[in-house]
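Participant: Give me a 3D structure for the following:
(chains A, B and C)
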Amino acid sequence: MIPDVRTYLRPARMPHILCPGCGHGIVLGALLRAFHRLRLNPDQIALVAGIGCSSRLVGYVDVCTLHTTHGRALAFATGLKLARPELTVVVLTGDGDGLGIGGNHLIHAARRNIDLTCILFNNAVYGMTGGQLAPTTPQEGVASTAPYGNIEPPFDSCKLMMGAGATFVARGLAYEPLALEEMIARGLVHRGFSFIEVITDCPEYYGRYNQLGKGPEMLMSQKRRTMDIMEILATKRFVVRDRPEVRAWNLPYRLGILHEEERPEFSQVCWQMVAGREMV
Amino acid sequence: MGRVRLVRGNVACARAAIAAGCRFYAGYPITPSSEIAEEMAALLPKVGGVFVQMEDEIASLAACIGASIGGLLAMTATSGPGFSLMQEHLGFAALAEIPCVVVDVMRLGPSTGLPTAPSQGDVYQARWGTHGDRPSIVLAPASVREVYDLTIRAFQLSERFRTPVILLYDEVVGHMMEPMELPSLEGMGPVRRANPVDLPKDYLPYAADEDGVPPLVSFGSGVRYHITGLIHDESGFPTQDPAKVSSLLRRLHEKISRNLHEIVSVEPFLLEDAEVAVFAYGIVARAAREAVQEARARGMRVGLLRSSVLWPFPEDAVREVARTVRAIVVAEMNLGQMVYEVERAAGGRAEVVGCFQVDGRPISPETILDAVSTLCAHPSPSGKSKGGRLKEGN
Amino acid sequence: MRMEIRLAGAGGQGIVLASMILGEAALLEGKKAACFHAYGPESRGGASRADVIISQEAIEYPVARNVDLLLALTQEACTQFWKDLRPSGMLIVDGSSVPSVPHGESAVYVLPIVEVARRTLGTSVPANVVALGAISALTGVVGEEALEEAIASRIRPGALQHNLRALRIGFELARGVRESTPAKVF
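Facilitator: Got it, this is the predicted structure:
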């Protein structure tokens, strides 16, 4: 019996290291409420993370927590899930961690359709190391290693995941925690690789470098931009560019559960194969 | 109840892993190690274990560490280029104290080098390849039989000291076939690491007992705790407290350095009256043994010190040998790696001479015999070279 | 007494399998044996080489240096490895595949190994086993009985009779030659 969502926290680890205005805590709250809603036994949850602000969150959660190396959380989680298929294994990763250094593991975890729930915190920047360019930094966005504005196009991680074979793909906003909780809960229940990108903010670096305001302004602006996108989609004008207020946050992204399908799950297939060949 | 057959070194490695209780293998194909993966892919499902081919060597060792945390004994195998990619995770496994076995079948490098040619170029990479200070256990078999025995030993040491153990051998040892009787797989089934019993309520996952090794609890077994690659205290959570930082790093060292007697292993051969000793490991030690016998037949007083454990380095044994011989020839398939350790341990008590070969072929007994003969024919005037300065024979 | 035998040909000719059969036949006779296979980057075609060392005593160094017997099933293999054959060694070549046989002090046997396999067995595939029969007959390094047993443990049952026939064919092929040529004694 889990009386309260706070059961999943490690109060002794507080205060946390996140900056004021950072949206990561909102995402963590949604994850914990999803655990609680599904009445998951904390002994049977493993939370695996790489390196970055989002990855540090695992230390605050009272489940089996594994804080690994930069970009490799999914590979560690793959081994753990194969060894203990009965565990609910959740991977927390950032946009740099998951799409930059760890991009190879992300596409292969999706291809295998292993039953992991991967939550990718997209704040468009490398926060922990001081605001460097990320594979998700919007074009023209300023980062400490892109002082004249980003000249590279960013990843659309959800499209990438659909292409790689993820069987559950969703995108939510830190601005909308209840919708996020719903998305994560559905991802946890889904048997297969569930990928949930969460658009969140880094007021300390990305916000400051691009004059996007503090946390609330950034989250609200993200909401507005995605609203704009819905309008733009409706009018079939697909270019969101060259409007001063859109600069550095021109995300032509769709929200919600974008893809869901059933496909054989890897750890199950793996152990079925073993069961068919055991000698004893 | 098998029969004696010709068994390939890499096959012996896989069979020994299964016998040692390994039930998880994650790897990425690379010459000259791939037979290990192929054998594990065929065998593991039969004994209730899991094989997975990962997307690269980084992921391979990560998956092994993940599986080990889940309670399965895990192994991966690779060669130089892949071993380079595994270095970060060797450091993670050392710091987080997660047992796993990594096999590096050495080929000639650097870079892609000569993929099908033997070498002993990874000796220092195996010791110092990952960043930061950490102890290292590296075993170096010289025959197919020894590949089998030391693979089992690697798992035992890895579990005993909660540390990654590296099995390091060259392409010749990996690909050669020698007679041995492989135990049957019959009766082998699923194996999981036993969890410690009677854990206290205030259980601290990184509180070590007196010999420096904390007990390991598998994830999913009812105990929730934190594993991190950050420097941590006994609770497993990050710390920057200088005393705790230092205490962790020193404990990691001392759990090995205080138990050297359980790890280090050397094989002296005809050293009692030797004036010249050969120091060798792996396939080169086989050539050296033949060279020593031939030298003896020609009246030269030559012996051999073979080490089947490269790290921790058998410092005491080398120092003892240096006390009694005039010179030590270090034969290696590289341009001089172990020779520096031998020189350090010898401390000027004996002249240390390198016999190196990096042409893609194993060093032959004749080459070592030549190096030894030169020293026996021209003893240094003082009897011992004080500086023990390194020079290369041949 | 240590004997170093090098089997060489093209990838896909069963050189490695032949070396294992030869080595295990020696084990069955109570001798010591080791095999070493040099790998090239090619999986099929290209040069394939396997060394078998057979000895009454323990084999310290398992790598061939002075080859006593070279079997060459291709011209490329013959040309490449001829230099590793010790001067008083023995060279066995397949007649149809090796038109240019080097001259030296070694005893040379030119045998129609591939052709006989093709003619009598309908395929050149068991040429490796034909060659083993010839090696046995010419050198006595391992006996026919041990070879048969080694083949039985390495070849799948469906192909066993075929390969045992190949062995006998090789044996007879060489025996005919041996009677007319002074044989090397090992």
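
Participant: Quickly note the distance from A:Phe195 to A:Ala164.
Facilitator: Using Cβ to Cβ, to the nearest Å, one gets 9 Å for the distance from A:Phe195 to A:Ala164. To be clear about C-beta, it is placed using only N, CA and C from the backbone, and glycine gets the same treatment.

Participant: out of these two, which sits in the more crowded spot?
Facilitator: Neighbour totals were compared for A:Phe195 and A:Ala164, and A:Phe195 leads with 29 against 19 (other Cβ atoms under 10 Å in any protein chain shown).

Participant: ok, now which ones touch the more buried one?
Facilitator: A:Phe195 is in contact with A:110, A:118, A:120, A:157-158, A:161, A:166, A:168-170, A:187, counting by Cβ atoms under 8 Å, 6 or more residues apart in numbering or on different chains.

Participant: would you say it is within a helix?
Facilitator: No. Counting by DSSP: H, G, I helix; E, B strand; the rest coil, A:Phe195 is not found in a helix; it is strand.

Participant: what pairs with it across the strands?
Facilitator: Listed by DSSP bridges, the beta-bridge partners for A:Phe195 are A:Cys118, A:Val169.

Participant: For A:Ala46, grab phi and psi.
Facilitator: Dihedral pair for A:Ala46: phi -120, psi 130, per degrees, to the nearest 10.

Participant: Quick one, grab the pLDDT at it.
Facilitator: A:Ala46 carries a pLDDT value of 98.

Participant: coming back round to it: can you say which of the contacts of A:Phe195 are buried?
Facilitator: Buried members of the contacts of A:Phe195, scored by 16 or more other Cβ atoms under 10 Å in any protein chain shown, are A:110, A:118, A:120, A:157-158, A:161, A:166, A:168-170, A:187.

Participant: if we can go back for a sec, report the set of residues contacting both of A:Phe195 and A:Ala164.
Facilitator: In contact with both A:Phe195 and A:Ala164: A:Ala110, using Cβ under 8 Å, 6+ apart.

Participant: sorry, back to before: and which of the buried ones among the contacts of A:Phe195 is nearest to chain C?
Facilitator: Relative to chain C, the closest of these is A:Ala110; by Cβ to the nearest Cβ it sits at 31.1 Å.

Participant: tell me which residues in the host helix or strand of the closest one are buried?
Facilitator: Using DSSP states H and E, A:Ala110 falls within helix A:103-112. Under the neighbour-count criterion of 16+ other Cβ under 10 Å, helix A:103-112 has A:103-110, A:112 buried.

Participant: Run a quick neighbour tally on the residue in the stretch 251-394 of chain B positioned nearest to chain A.
Facilitator: The stretch 251-394 of chain B approaches chain A most closely through B:Leu252 (17.4 Å), counting by Cβ to the nearest Cβ. B:Leu252: 23 surrounding residues under other Cβ under 10 Å.

Participant: likewise A:Gly276?
Facilitator: The number of residues packed near A:Gly276 is 8, by other Cβ under 10 Å.

Participant: If we ignore the residues flanking it in sequence, what's nearest it?
Facilitator: B:Pro45 (7.7 Å; Cβ to Cβ, 6 or more residues apart in numbering or on different chains).

Participant: so which of the buried residues of helix A:103-112 are also by chain B?
Facilitator: Applying Cβ under 8 Å from any Cβ of the partner chain to the buried residues of helix A:103-112, one finds that A:104-105, A:108 fall near chain B.

Participant: for the residue of chain C found nearest chain A, what are its contacts?
Facilitator: With Cβ to the nearest Cβ, the shortest gap between chain C and chain A falls at C:Arg156, namely 19.9 Å. By Cβ under 8 Å, 6+ apart, the contact set of C:Arg156 is empty.

Participant: for B:Ala277, same thing?
Facilitator: B:271, B:302-305, B:321, B:325, B:327-329, B:350.

Participant: Quickly run through the sheet partners of the helix or strand containing it, with directions.
Facilitator: B:Ala277 is part of strand B:276-280 when elements are defined by DSSP H and E. With DSSP bridges as the test, strand B:276-280 is paired with strand B:302-307 (parallel), strand B:327-332 (parallel).

Participant: Which neighbouring elements make contact with whichever helix or strand comes after it?
Facilitator: On the C-terminal side of strand B:276-280, the nearest following helix or strand under DSSP H and E is helix B:283-297. If you count contacts as 3 or more Cβ pairs under 8 Å, 6 or more residues apart in numbering or on different chains; DSSP states H and E, helix B:283-297 packs onto strand B:276-280, strand B:302-307, strand B:327-332, helix B:365-377.

Participant: At which residues are the helices of chain C located?
Facilitator: C:15-28, C:75-81, C:113-121, C:127-139, C:144-154, C:157-180 (DSSP state H).

Participant: residues in contact with the shortest one?
Facilitator: For helix C:75-81, the surrounding residues in contact (Cβ under 8 Å, 6+ apart) are C:6, C:8-10, C:47-49, C:67, C:70, C:72, C:91, C:93, C:97-102.

Participant: distance of the residue lying closest to B:Gly360 once chain neighbours are set aside from A:Glu152?
Facilitator: When the adjacent residues along the chain are set aside, B:Gly360 lies closest to B:Ala117, with 3.5 Å between them (Cβ to Cβ, 6+ apart). As defined by Cβ to Cβ, B:Ala117 lies at a distance of 41 Å from A:Glu152.

Participant: which one of these two has more residues nearby?
Facilitator: Neighbour tally, B:Ala117 and A:Glu152, criterion other Cβ under 10 Å: the higher count belongs to B:Ala117, 22 against 12.

Participant: Break chain B down into its domains, please.
Facilitator: Following automatic domain parsing, chain B resolves into domains at B:1-263, B:267-392.

Participant: right, so the helices of chain C: which one is the most enclosed?
Facilitator: Most buried of those by mean neighbour count (mean count of other Cβ atoms under 10 Å in any protein chain shown) is helix C:127-139; its value is a mean of 26.

Participant: Please export the alpha-carbon coordinates of that helix; PDB is fine.
Facilitator: Provided in PDB are the C-alpha atoms of helix C:127-139 (Å, rounded to 0.1, in the frame of the first residue of the first chain):
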ATOM      1  CA  ALA C 127      39.600 -32.600 -51.500                       C
ATOM      2  CA  ASN C 128      40.800 -31.600 -48.000                       C
ATOM      3  CA  VAL C 129      40.100 -35.100 -46.700                       C
ATOM      4  CA  VAL C 130      41.700 -36.700 -49.800                       C
ATOM      5  CA  ALA C 131      44.800 -34.700 -49.000                       C
ATOM      6  CA  LEU C 132      44.800 -36.000 -45.400                       C
ATOM      7  CA  GLY C 133      44.800 -39.600 -46.700                       C
ATOM      8  CA  ALA C 134      47.700 -38.700 -48.900                       C
ATOM      9  CA  ILE C 135      49.600 -37.100 -46.000                       C
ATOM     10  CA  SER C 136      49.000 -40.200 -43.900                       C
ATOM     11  CA  ALA C 137      50.200 -42.500 -46.600                       C
ATOM     12  CA  LEU C 138      53.300 -40.500 -47.500                       C
ATOM     13  CA  THR C 139      54.500 -39.600 -44.000                       C
END
